[in-house]
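> here is a sequence with its predicted model. Questions after.
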Amino acid sequence: MTEPTPAPAAPSETSEQSGQRRPARPATSASRRNARHHAPHHARRHHWRRDVVELAALFVAVAVADALANTVAHGPDGPVLLVASAVVLLATAGFHTWWARRHSHAPPPAAAPADTGAPATVADRATALWRMRTTVQDTPGSLAALCTALAAREVDILTLQTHPLADGTVDEFLLRAPQSLPAADLTRTVAGAGGRSTWIERADAHDLVDAPTRILGLATRTALDAAELPLALRRLLGRCTIHSIPATSLSGRPTGADAPVEGVLEDTAMRLRDPAGGVIVIERPYLPFTPTEFARARALVELDARLGPRVPRSRDVLTLPEGNAITVGRADISDLDAARAMHDRCSGRTLGLRYHGPVSDADRYLAHLLSPRFGRTLAVRTASGRLVGLGHLLWDGDETEVALLVEDDWQRRGIGSELLRRLIGLAVEAGCESVYAVTQASNTGMVAAMRGLGLPLDYQIEEGTLVITARLGGPGAGLGPAGEAAALHPYGPAAVAAPREGHPRRSGR
């Protein structure tokens, strides 16, 4: 059988809202009436009844106006009526003016604060700064999920750095969170959003400096002074321990310490070749290093190697009470011969009080003491250039030691106190929380110099040796700006240590 031929389809119309095409419907009588109702005015039929009504209203208005004019102009009471109307209008205007002047300056009634029910924002609450690291999967949306979870706890992300890894990404945040939000809850929030191996600690306003600016500042300080390299590495990597292992020990024996030129990264430790010889070992047990941090540290070490030995050579000229002029400035390994000559002029008692060991071994410690890798050294010279005093600020693990040596003929003139005061200033600049001095109770000059600092002191006797510790920051600390400067580095000094021979605080130095 042959199927009937379908009728041609009606043209389709398009919906303006959805953009989809739909089949046209046949026009109905209702739609035709609706179309006529919405047709333009020029298409409507003219109605003569409305024109008649409008014309009648116009004639009525003219008649009323003419009657009023005749009443005022020709009636017996017309002028009186006109004057009375004017008086009423003037009285009404005067009353309105009086009322407005009396009540216009009244304050508006206070509007009751609207209770929107919205919670207070983070800016309205006490907040705390946190530094946080967490590892997330390197997939689209993982960081967005983490940020959404933090936003739900009203945590503001101030800065963000990413450290790519082979199996993910380490995201480092600087967060501003409500003071009432503990670290444990913040860690659980991050874990719920997919973060793992999360590490968090309190931060301060100085962490708001962006990473490129901070790294450029550290590179500048390293370029100006070779002694800044351990401190720059410490400030770059946070709380860590830096071991500077020389190629030879104090006794001259090879230590076997070496590292490839490109360095070695081993999870929580990295080994870098020291430009001065030996190895720089950096350890951070609580937080693994990332390849990005390793590359930054290696770049600083390479910068130090290219610039070679350098120490600021600025010197200050001072006048002693008797009128002699001396200069105080930095010293390094290039002053080794002058330091040995001063040793030769010092008495055995002076060397014994300084090095706490055999006097014959004093010379072999000088190369270590003058190396910028292990601290900073100040030298005092006479007007003729002769070296008569040395002051050392030595990195000793997590602590910092100060040591003084003044030639016998120049003692009791205030040189030791001046050296100690300047060493304390260098310690404060480096962010040290405390310094200690190892001496003997019979060394009254050193004890008096430490007491003259005006700092809180702790005294401890270790096997007949007196250890005096001065606290540079915290309650009761003196030196005025010292406490403020130390607060810039809340994690203390760079922990830089070298191989030791003997007791940690009686190393024969």
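Right, received. Where do you want to start? Numbers count the residues shown, from 1 in each chain.

> C-alpha only now, for contacts and for neighbours.
Fine.

> roughly how far apart are residue 219 and residue 344?
39 Å (C-alpha to C-alpha, to the nearest Å).

> ok, now residue 57?
The span separating residue 57 from residue 344 equals 130 Å under the rule C-alpha to C-alpha.

> any weak-confidence spans in this protein?
Within the chain, the set of residues satisfying pLDDT under 70 comprises 1-47, 68, 72-73, 75-79, 81-82, 103-124, 250-252, 357-362, 397-398, 474-509.

> now do the helices in it.
29-37, 48-74, 78-103, 142-152, 183-192, 211-224, 228-237, 291-307, 336-345, 348-355, 366-370, 415-429, 444-451, 481-487 (DSSP state H).

> now the fourth one against helix 183-192, angle please.
This means helix 142-152. Calculated by axes from the mean of the first three to the mean of the last three C-alpha atoms, to 10 degrees, helix 142-152 forms an angle of 140 degrees with helix 183-192.

> show me what helix 142-152 is packed against.
helix 183-192 (3 or more C-alpha pairs under 8 Å, 6 or more residues apart in numbering; DSSP states H and E).

> wait, doesn't residue 363 sit right on residue 340?
Yes - counting by C-alpha atoms under 8 Å, residue 340 is a contact partner of residue 363 at 6.3 Å.

> spatially nearest residue to residue 260 (excluding sequence neighbours)?
Spatially, and ignoring its direct neighbours in sequence, residue 260 is nearest to residue 273 (6.7 Å; C-alpha to C-alpha, 6 or more residues apart in numbering).

> and the one you found, how far from residue 221?
20 Å.

> more neighbours, these two?
Per other C-alpha atoms under 10 Å, whichever of residue 273 and residue 221 has more neighbours is residue 273, with 24 against 16.

> is it true that that one touches residue 263?
Yes - between residue 273 and residue 263 there is a contact under C-alpha under 8 Å: 6.5 Å.

> next, the distance between the ends of stretch 315-323.
OK, stretch 315-323 end separation, C-alpha to C-alpha: 18 Å.

> list the contacts of that stretch.
Stretch 315-323 is contacted from outside by 325-330, 413-414, using C-alpha atoms under 8 Å, 6 or more residues apart in numbering.

> give me the number of neighbouring residues for residue 271.
24.

> so who does it touch?
259, 263-265, 279-282.

> need the nearest residue in space to it, chain neighbours excluded.
That would be residue 281: by C-alpha to C-alpha, 6+ apart, it lies 4.7 Å from residue 271.

> so that neighbour sits right up against residue 272, yeah?
Yes - using C-alpha under 8 Å, residue 281 is in contact with residue 272, at 6.5 Å.

> before we move on, the earlier item: comparing residue 219 and residue 344, which residue is more hemmed in?
residue 219 (20 against 13).

> show me the contacts for the nearest residue to the more buried one once chain neighbours are set aside.
The shortest distance from residue 219 to any non-neighbouring residue, by C-alpha to C-alpha, 6+ apart, is to residue 300 (6.6 Å). With contacts defined as C-alpha under 8 Å, 6+ apart, residue 300 is in contact with 219, 222, 229, 233.

> give me that answer again for 10 Å
Going by C-alpha atoms under 10 Å, 6 or more residues apart in numbering, residue 300 touches 215, 218-219, 222-223, 229-230, 232-233, 236.

> from the residues you listed, pick the one nearest residue 431.
residue 232 (11.6 Å; C-alpha to C-alpha).

> could I have the CA atoms of stretch 233-248 written out in CSV?
Output of stretch 233-248 as CSV, limited to C-alpha atoms (Å, rounded to 0.1, in the frame of the first residue of the first chain):
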residue,chain,number,x,y,z
LEU,A,233,70.9,30.2,54.0
ARG,A,234,69.3,30.1,57.4
ARG,A,235,66.9,32.9,56.7
LEU,A,236,66.1,31.4,53.3
LEU,A,237,65.3,27.9,54.6
GLY,A,238,63.8,28.7,58.1
ARG,A,239,64.7,26.8,61.2
CYS,A,240,67.6,24.5,60.3
THR,A,241,71.0,23.5,61.4
ILE,A,242,74.0,24.3,59.1
HIS,A,243,77.2,22.4,59.5
SER,A,244,80.2,23.9,57.8
ILE,A,245,82.7,21.1,57.6
PRO,A,246,86.2,22.2,56.5
ALA,A,247,88.4,20.0,54.2
THR,A,248,91.0,19.7,57.1
